[in-house]
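> Could you work out the structure for the sequence below:
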Amino acid sequence: MTASGPTGTEGAIRPAFVLASASPRRLDLLAQLGVTPERVFPADIDETPARDEQPRPYVRRMAAEKAQKIASQITEPALVLSADTVVALGHRILPKAETIETARACLRKLSGRRHTVFTAIRCVPSAGWPEGCVSERVVESTVAFSRMTEQQIEALLATGDWQGKAGGYALQGHAAGFIRFISGSPSAVIGLPLFETAQLLRGQPGNWLP
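The predicted structure follows:
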């Protein structure tokens, strides 16, 4: 099943489904729902947190800006889905690990502690599809790492799982061997909460999901 096709009642063609993310993990998670985007259109935005910005408002803002930017560039009927994930220690937003030094610093902070993962998702219709509606969800999950030795941190870094990941780890990767507790949505920690995404799609006109 793809996300496009007849709506059924009047033979109208459902708008294109656009994922505003280049994440292969989010594509894989959408596939679990039986949804394949017609287009993958990552949004290039400034992801720098504002001064004193809290994790939940930040992740909502990121998802909203990504969705709106892509929706504004599409003239044909389309539904745009965006997502953003952030790892937080208290009110502190940990960075996305673009270097091994950043990943190492994040893992040292997370070792032996609980932290919170916020994932926001947002659906926005393009201007060419006025029947669609804007909708969003924010999912909060708690993850706890066991205490890791420096040798274990270095071994984890050597796998390369940290690259481009919020907080320097991937739940679906080697870090899972050090996660002793998780409360919330595992798929949200990976990058796309499946239940909430399905609910958003079911709430759009056009029978996107049964």
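> for this protein, what spans make up the strands?
Shown for the chain, the strands assigned by DSSP state E span residues 16-19, 39-40, 78-89, 92-93, 114-125, 135-145, 179-183.
> Which other helices and strands does the last one contact?
Of the remaining helices and strands, those touching strand 179-183 by 3 or more Cβ pairs under 8 Å, 6 or more residues apart in numbering; DSSP states H and E are strand 135-145. No exception for glycine: its C-beta is placed from N, CA and C like everyone else's.
> Would you mind listing where this protein has pLDDT under the threshold?
For the chain, applying pLDDT under 70 flags the ranges 1-13.
> mind redoing it with 80?
By pLDDT under 80, the weakly predicted segments of the chain are 1-13, 206-207.
> How far away from the center of its chain is stretch 198-210?
Computed by Cα atoms, centre = their mean, to the nearest Å, the separation of stretch 198-210 from the middle of its chain amounts to 18 Å.
> what comes into contact with it?
When contacts are defined by Cβ atoms under 8 Å, 6 or more residues apart in numbering, stretch 198-210 is touched by residues 3, 7-8, 12, 14-15, 17, 33-35, 79, 81, 121, 123, 125, 131-133, 135-137.
> From those residues, list just the buried residues.
The neighbour count (16 or more other Cβ atoms under 10 Å) marks 3, 14-15, 17, 33, 35, 79, 81, 121, 123, 125, 132, 135-137 as buried among the contacts of stretch 198-210.
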